[in-house]
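Undergrad: pasting the sequence and the predicted model now:
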Amino acid sequence: GAGVSQTPSNKVTEKGKYVELRCDPISGHTALYWYRQSLGQGPEFLIYFQGTGAADDSGLPNDRFFAVRPEGSVSTLKIQRTERGDSAVYLCASSPGLGHYEQYFGPGTRLTVT
Amino acid sequence: GDSVTQMEGPVTLSEEAFLTINCTYTATGYPSLFWYVQYPGEGLQLLLKATKADDKGSNKGFEATYRKETTSFHLEKGSVQVSDSAVYFCALTSYGNNRLAFGKGNQVVVIP
């Protein structure tokens, strides 16, 4: 079946612009996660959703970052007033629920802020 | 907070050599432990996991044992192949906390 998909695969934007990154989880997965991976580092947690609600957003670095999942499926990560330090690969993962379930990762969106 | 430490630097070895990648962790409670792998041009994939002390996770010839006394989850494979070349990440989740905490990863290069 279809895995987690993310669009776009690459995004180049200018400093100060607004960007949206999209994640389509595996059908039926209720939990959805966003991570950010900087060059040479492991992924860092940003936020996760159980259904439509953000169950834990403590990893969002500041109030320029926001994420939604209005219908409990597709999620959008929104970044306002982008900065060069936001350049990274943004990963989305989904799992069947909370607990000891495997998280299935998408291919990521590579964001470059110039 | 929860954290994972992996040995520094890339690992280069010859085909059929023995591979070990060290991983130690700090966590509250009793975490679940994971190894994820990222092959060139692909997304992160779960390689193996262990959810309680003394459990051994295994897959594709790789093994790791959850050692609570040494807070470690070292990854081993007895005879690597060129196709094992990838980046390997150790990770954990703590009870009641579903976020994954990752180590920095180790690039493994297997030379024919």
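TA: That came in fine, so what should we check first?
Undergrad: burial of residue A:41, as a residue count?
TA: Look at residue A:41: counted by other Cβ atoms under 10 Å in any protein chain shown, it has 15 neighbours. All C-beta atoms are positioned from the backbone trio N, CA, C, and that covers glycine.
Undergrad: give me every residue in chain A lying close to chain B.
TA: Residues of chain A lying near chain B by Cβ under 8 Å from any Cβ of the partner chain: A:3-4, A:31, A:33, A:35, A:40-45, A:48, A:55-56, A:59, A:91, A:93, A:95, A:98-100, A:102-108.
Undergrad: mark which of the residues you listed are part of strands, please.
TA: A:31, A:33, A:35, A:44-45, A:48, A:55-56, A:91, A:93, A:95, A:104-105 (DSSP state E).
Undergrad: which among those end up buried?
TA: Buried members of those, scored by 16 or more other Cβ atoms under 10 Å in any protein chain shown, are A:31, A:33, A:35, A:44-45, A:48, A:56, A:91, A:93, A:95, A:104-105.
Undergrad: excluding residues flanking it in the chain, which one is nearest residue B:75?
TA: In space, and not counting its chain neighbours, residue B:75 is closest to residue B:21: 4.4 Å by Cβ to Cβ, 6 or more residues apart in numbering or on different chains.
Undergrad: hang on, the earlier thing: could I get the buried ones among the ones in strands among the residues of chain A next to chain B as CSV with pLDDT?
TA: Shown next, in CSV, are those (pLDDT from 0 to 100):
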residue, pLDDT
A:31, 92
A:33, 96
A:35, 98
A:44, 96
A:45, 96
A:48, 93
A:56, 91
A:91, 97
A:93, 96
A:95, 91
A:104, 92
A:105, 95
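Undergrad: nearest residue to residue 65 other than its sequence neighbours?
TA: If you meant another chain, say so; for now it's chain A. Excluding its sequence neighbours, the residue lying closest to residue A:65 (Cβ to Cβ, 6+ apart) is residue A:79, at 5.6 Å.
Undergrad: wrong one, chain B
TA: With Cβ to Cβ, 6+ apart, the residue lying closest to residue B:65 is residue B:56, at 4.7 Å.
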